[in-house]
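J.: Mind folding the following:
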Amino acid sequence: MLLRLTGKAELIGGNEMLRIHFGDADQGAVRVAAAPNPFWEIATSLHRFQTRDGRWAYAGWLRAVRAGLREKGLERAFRTVLLPLFPRAAYFPDFLTPARGVDGLAAGLDAILATPPRRVTEEVARLDRVVGAPRWAARLGAPEERGELVRLLRAYHDVGIAPYAESIRSRFDAERAALGRAFLDGGVDGLLGGAGPSIRWRPPTLDVDVRAVDRELRLDGRGLTLLPTYFCWRTPTSLADPALPPVLCHPVRPPAAALPPDHRWAAEPSVPLAALLGRTRAAALCAAAGGATTGEIARAAGVSAASASRHATALRDAGLITSSRHAATVLHTLTPVGASVLRAAGPRP
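T.: Just a heads-up that it's a prediction; the model follows:
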């Protein structure tokens, strides 16, 4: 069944497939977003309240955000405004996840305010037909009503997203580094084939497991932006309006310390590597294989952040890793020498 919607498609139930068709020009126009989009984080974080899927992974966050909403007096608006506008269902409006969000919260909020009233009205009407919308939502075409929504989105962001910005950015940067390394190692095939277990590159199509109806998307020379998203759980989601710039919102991969030992993304040091470097430093080197922040190295190696920083410094001084700072976050990745050491030390799980 082919369905074209002006919005996201995510249907509670079994996984279906989004098939993205690439032309020759599209393969040269695949990119990874340069920064997280706070509006996709808002949308997917609101979905976490509407399902038990992945609740264990966000349990602490869910408790803290519920408490914060109560403290700020936002519980009623959360239930009656945000959840109905961002249902974890077949559709929610595109104007709520503006592309300008990559430039920051303020830029995205301005884009929501600047959305043409006709587009807002059409998308809200579609929400009502597909999922069901509260009666007040029809008034969002009026700029003053959207102003109230913008203030609520900012307030929710202050409670549910901003306090976790460092974790979101560090996981985003680690995912971006891993995708970059996949591209360096394997070109576009490596990049598209390494974006997660729910995404399969079968040239010239990209098959994506989504919680949605089966549908097709032809890029027609526009390329595709991959957007790693912290609160996206297991299955990607996307804009379904073919007129909008194609974007695929997909989960960041979990840090190695949060995964079972046999997980495809786990990074356990081999016995020879641990004997050479010591188990802690070997674990730090393995963690850097996919790109890791100092905090993620600390969790992977089971040490404090200060100790992880010292181990990272030793590995960097030895020429095995390189470190780059992004705002308050330091991202560590392998140098060619570091990658050679890992390969020479034997296979890893």
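
J.: Domain ranges for the protein, per the record?
T.: Partitioning the chain according to automatic domain parsing yields domains covering residues 1-253, 256-344.

J.: got JSON lines for those, with mean neighbour count and mean pLDDT too?
T.: Any C-beta I mention is one placed from the backbone N, CA and C, and that applies to glycine too. Listed next are the domains of the chain as JSON lines, based on neighbours: other Cβ atoms under 10 Å; pLDDT from 0 to 100:
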{"stretch": "domain 1-253", "mean neighbour count": "18", "mean pLDDT": "88"}
{"stretch": "domain 256-344", "mean neighbour count": "18", "mean pLDDT": "79"}
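
J.: what helix or strand is residue 173 on?
T.: Here residue 173, judged by DSSP states H and E, is contained in helix 165-193.

J.: What of residue 155?
T.: Going by DSSP H and E, residue 155 is part of helix 143-160.

J.: rewinding a little: run the angle between the helix holding residue 173 and helix 143-160 for me.
T.: Helix 165-193 runs at 100 degrees relative to helix 143-160, counting by axes from the mean of the first three to the mean of the last three Cα atoms, to 10 degrees.

J.: contacting residues around the helix or strand harbouring residue 282?
T.: Taking DSSP H and E as the criterion, residue 282 maps to helix 279-287. Here helix 279-287 makes contact (Cβ atoms under 8 Å, 6 or more residues apart in numbering) with 255-256, 267-270, 273-274, 276-277, 296-297, 300-303, 307-308, 311-312, 314-315, 320-321, 332, 334, 338, 341-342, 348.

J.: do the same with stretch 92-112
T.: By Cβ under 8 Å, 6+ apart, stretch 92-112 touches 6-8, 33-40, 43, 85-86, 115, 119-120, 123-124, 126-127, 131, 146, 149-150, 153-154, 157, 239, 241, 244-245, 247.

J.: Residue 102 falls within a helix, correct?
T.: Yes - counting by DSSP: H, G, I helix; E, B strand; the rest coil, residue 102 is found in a helix.

J.: What distance do you get for it to residue 57?
T.: Residue 102 is 25 Å from residue 57, where distance means Cβ to Cβ, to the nearest Å.

J.: Please list all residues in contact with the nearest residue in space to residue 97 that is not next to it in sequence.
T.: Closest residue to residue 97 apart from its sequence neighbours, by Cβ to Cβ, 6 or more residues apart in numbering: residue 39 at 4.5 Å. Applying Cβ under 8 Å, 6+ apart, we find residue 39 in contact with 96-98, 101, 108.

J.: what ranges do the helices span in the protein?
T.: For the chain, the helices defined by DSSP state H cover 24-27, 38-48, 59-71, 75-77, 83-85, 105-114, 117-130, 143-160, 165-193, 271-277, 279-287, 294-301, 305-317, 336-344.

J.: Columns distance to residue 211 on top of the ones you listed, output as TSV?
T.: Listed next are the helices of the chain as TSV, based on distance: least, Cβ to Cβ, whole Å:
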stretch	distance to residue 211
helix 24-27	25
helix 38-48	10
helix 59-71	20
helix 75-77	26
helix 83-85	17
helix 105-114	24
helix 117-130	14
helix 143-160	21
helix 165-193	21
helix 271-277	40
helix 279-287	31
helix 294-301	28
helix 305-317	36
helix 336-344	36
